[in-house]
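Participant: sequence and predicted model, in that order:
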Amino acid sequence: MAERTLRADAARNHQRIVDAALAAFEDAGPDVTLDEIADRAAVSVATLYRRFGNRDEVVRAAFDHVLTTEVEPVADARTDDAWHHLTDLLRTAVDSLARRRGLLAVAREARVVDVESVQRCANSLRRMLDRAIAEGVVRPELEVRDLAAVIFMVLSTVHPDDPEGRDRRRYLALLIDGLRPSPDVLPPPSARGR
């Protein structure tokens, strides 16, 4: 019983720290300290370090939380239109992350915004991509990594001088268009990309 309570407490502390980090990154930006995050989460700094080890791990956990709570549910939903399902997921991912400018800034600084981090939604993305390929609405040579790269590339266009998100919408539309079937086959990815 005590072990179960300890695990429940650890899970609650984990979530409180992630929630506090998300709020702190939006309020204070990349300069927020781990002490401030711990204070907001009502945990000790020692607890924060025990759960995460370092600042980059806190950032990664906050970034992953947005992906798992806002993006994966869209991927897991079933629709009748494979093309729109896939493009809705890409838009949701980009919009969810772009709305969190503080998180995005600190994630860039910590170098956790990369193709591999977005690719963690791989199982959901794989199912969507397989369906879209089977229905012939996307290039058959596409890989999950390609979808993650689209999200990553569009997030690189997010900046404070574009509060309406015009650039991200423009470049997402351009990249989405490149997913459509084409007689020209894409060059293969690097060995690292496989």
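Facilitator: Here it is on my side, so go on.

Participant: need the residue closest to the centroid of the chain.
Facilitator: Nearest to the mean C-alpha position of the chain, by CA atoms, centre = their mean, lies L67 at 4.2 Å.

Participant: before we move on, what SS does that residue have?
Facilitator: Here L67 is recorded as helix under DSSP: H, G, I helix; E, B strand; the rest coil.

Participant: ok, it touching A93?
Facilitator: Yes. The criterion here is CB atoms under 8 Å, and L67 meets it with A93 at 7.4 Å. Yep, even glycine has a C-beta here, placed from its N, CA and C like the rest.

Participant: quick one: the helices in the chain?
Facilitator: With DSSP state H as the criterion, the chain has helices at 2-28, 34-41, 45-52, 55-66, 72-76, 82-99, 101-109, 115-118, 122-134, 144-155, 166-177.

Participant: buried ones in the first one?
Facilitator: Neighbour-count burial for helix 2-28 flags 13-14, 16-18, 20-26 (criterion: 16 or more other CB atoms under 10 Å).

Participant: show me what contacts the residue nearest to V106 when sequence neighbours are not counted?
Facilitator: Ranked by CB to CB, 6 or more residues apart in numbering and with sequence neighbours excluded, the top spatial neighbour of V106 is P30, at 4.3 Å. Residues counted as contacts of P30 (CB atoms under 8 Å, 6 or more residues apart in numbering) are 102, 105-106, 109.

Participant: nearest to V45, of the residues you listed?
Facilitator: Proximity of the contacts of P30 to V45 (CB to CB) peaks at V106, which lies at 17.8 Å.

Participant: that closest one contacts F25, doesn't it?
Facilitator: Yes. Contact criterion CB under 8 Å: V106 and F25 qualify, at 5.1 Å.

Participant: anything in contact with each of those two?
Facilitator: What both V106 and F25 touch, as defined by CB under 8 Å, 6+ apart, is the set 32, 59.

Participant: number of residues surrounding Y171?
Facilitator: The number of residues packed around Y171, counting by other CB atoms under 10 Å, is 18.

Participant: before we move on, the earlier item: any idea how far the residue nearest to V106 is from Y171?
Facilitator: Going from P30 to Y171 by CB to CB, to the nearest Å gives 24 Å.

Participant: break this structure down into its domains, please.
Facilitator: 1-53, 56-193 (automatic domain parsing).

Participant: could you dump the ones you listed to a markdown table with mean pLDDT?
Facilitator: Output for those, formatted as a markdown table (pLDDT from 0 to 100):
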| stretch | mean pLDDT |
| --- | --- |
| domain 1-53 | 85 |
| domain 56-193 | 86 |
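
Participant: what's the neighbour count on the closest residue to L142 other than its chain neighbours?
Facilitator: Leaving aside its sequence neighbours, L142 sits nearest to L129 (CB to CB, 6+ apart; 6.1 Å). The number of residues packed near L129 is 21, by other CB under 10 Å.
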